[in-house]
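A.B. asks: Build me a structure from this.
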Amino acid sequence: MPEEAKTRVAFLGLGHMGGPMAVNLVKAGYDVIGFDVVPAALDAAREHGIPVAASAPETIPGAEIVLTMFPSGQHVLDAYRGANGEPGLLAAAAPNTMFLDCSTINVDEAREAARLALDAGHRSVDAPVSGGVVGAEAGTLTFMVGALPEDFETVRPLFDVMGKRAVLCGEHGAGQAAKVCNNLILGVSMIAVSEAFVLGEKLGLTHQALFDVASAASGQCWALTTNCPVPGPVPTSPANRDYQPGFAGALMAKDLRLALNALQSTGVAARMGPLASEIYDAFAAEGGAGRDFSGIITDIRDKSGQ
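C.D. replies: Numbering: from 1, shown residues only. Prediction:
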């Protein structure tokens, strides 16, 4: 067992993504102790061999790396600083602890989290992920990393366990910047692919015929060839299991809101991004929150009179 496999990791946030990621670290020999505010997540963690603590601060003593996987930037900042009478993680950690945040949050929030960590005498890496629950379970995630080069090298062994690729995108906040740009592309492209399939249905094309053409032509993209929104052409896509995620519509709506925040703060003259955010907000609010984001095709089909 390599020496780094004995590293103690405090893993906070053991949900649909964090749970499988923590399991893979345990399987690789890391000394993991976890916590989540949701009792069901703690039960699932125990069943998979992850030791759990009674509170977030209790995971910190002895931890060399504190990994967070939270729903929002406010959760990250509150955990770092302390909130609701609970001590902050930064104050509880030994000097020079590595704080590795794998949440998907606003770029400005990621930079603020890094500033807080550095001011407290620690190290900081932001590393949001792409690949969904399937990638988390299989250990094939892609990490988009914002960090100093030496800090990236420190946590790279964890990325090698939890994923298949890690890209150093720049300094603090750059990982989140890459994530929102990537998911802006993904959200817009899934809507376009879905609209094209509904148009094809109206014009008498079979799903397979359209897929065979577009997947080998200029319309080729991940939303088509991997997460195809219609059943059949890609047997592993969520469309073949009644749009069970996958990557849920609520998460796409959240990520597009983050992209919209970034677009507005930078003054980019974007039109497709804001529209995609509006479309996925409505999809999530109207029953699509727990369905795969490719289920947007059903909404388009319904509103097209089919």
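A.B. asks: give me the low-pLDDT residue ranges for the stretch 1-150 of the chain?
C.D. replies: 1-5 (pLDDT under 70).
A.B. asks: For it, which segments count as helices?
C.D. replies: Here the stretch 1-150 of the chain has its helices, by DSSP state H, counting those that start in this stretch, at 18-27, 39-47, 73-81, 89-92, 107-119, 132-138, 149-162.
A.B. asks: out of those, which comes closest to Leu263?
C.D. replies: For Leu263, the closest of those is helix 107-119, at 11.2 Å, according to C-beta to C-beta. Using the backbone N, CA and C atoms, a C-beta is placed for each residue, glycine as well.
A.B. asks: Quick one: work out the angle between that closest one and helix 73-81.
C.D. replies: 10 degrees (axes from the mean of the first three to the mean of the last three C-alpha atoms, to 10 degrees).
A.B. asks: packing partners for helix 107-119?
C.D. replies: With contacts defined as 3 or more C-beta pairs under 8 Å, 6 or more residues apart in numbering; DSSP states H and E, the packing partners of helix 107-119 are helix 73-81, strand 98-101, strand 123-126, helix 174-203.
A.B. asks: Tabulate the helices of the stretch 1-150 of the chain (JSON lines), appending distance to Asn261 and mean neighbour count.
C.D. replies: Formatted as JSON lines, the helices of the stretch 1-150 of the chain follow (distance: least, C-beta to C-beta, whole Å; neighbours: other C-beta atoms under 10 Å):
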{"stretch": "helix 18-27", "distance to Asn261": "23", "mean neighbour count": "23"}
{"stretch": "helix 39-47", "distance to Asn261": "27", "mean neighbour count": "15"}
{"stretch": "helix 73-81", "distance to Asn261": "10", "mean neighbour count": "20"}
{"stretch": "helix 89-92", "distance to Asn261": "25", "mean neighbour count": "20"}
{"stretch": "helix 107-119", "distance to Asn261": "8", "mean neighbour count": "20"}
{"stretch": "helix 132-138", "distance to Asn261": "22", "mean neighbour count": "18"}
{"stretch": "helix 149-162", "distance to Asn261": "26", "mean neighbour count": "18"}
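A.B. asks: would TSV of the ones you listed with distance to Leu100 be doable?
C.D. replies: Shown next, in TSV, are the helices of the stretch 1-150 of the chain (distance: least, C-beta to C-beta, whole Å):
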stretch	distance to Leu100
helix 18-27	11
helix 39-47	18
helix 73-81	11
helix 89-92	12
helix 107-119	10
helix 132-138	15
helix 149-162	5
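A.B. asks: Those helices: which one's closest to Gly290?
C.D. replies: Closest approach to Gly290 among the helices of the stretch 1-150 of the chain (C-beta to C-beta): helix 132-138, 12.5 Å.
A.B. asks: which other residues reach stretch 152-159?
C.D. replies: Applying C-beta atoms under 8 Å, 6 or more residues apart in numbering, the contact partners of stretch 152-159 are 2, 4, 7, 9, 25, 30, 65, 67, 98, 100, 123, 125, 127, 143, 145, 147, 166, 168.
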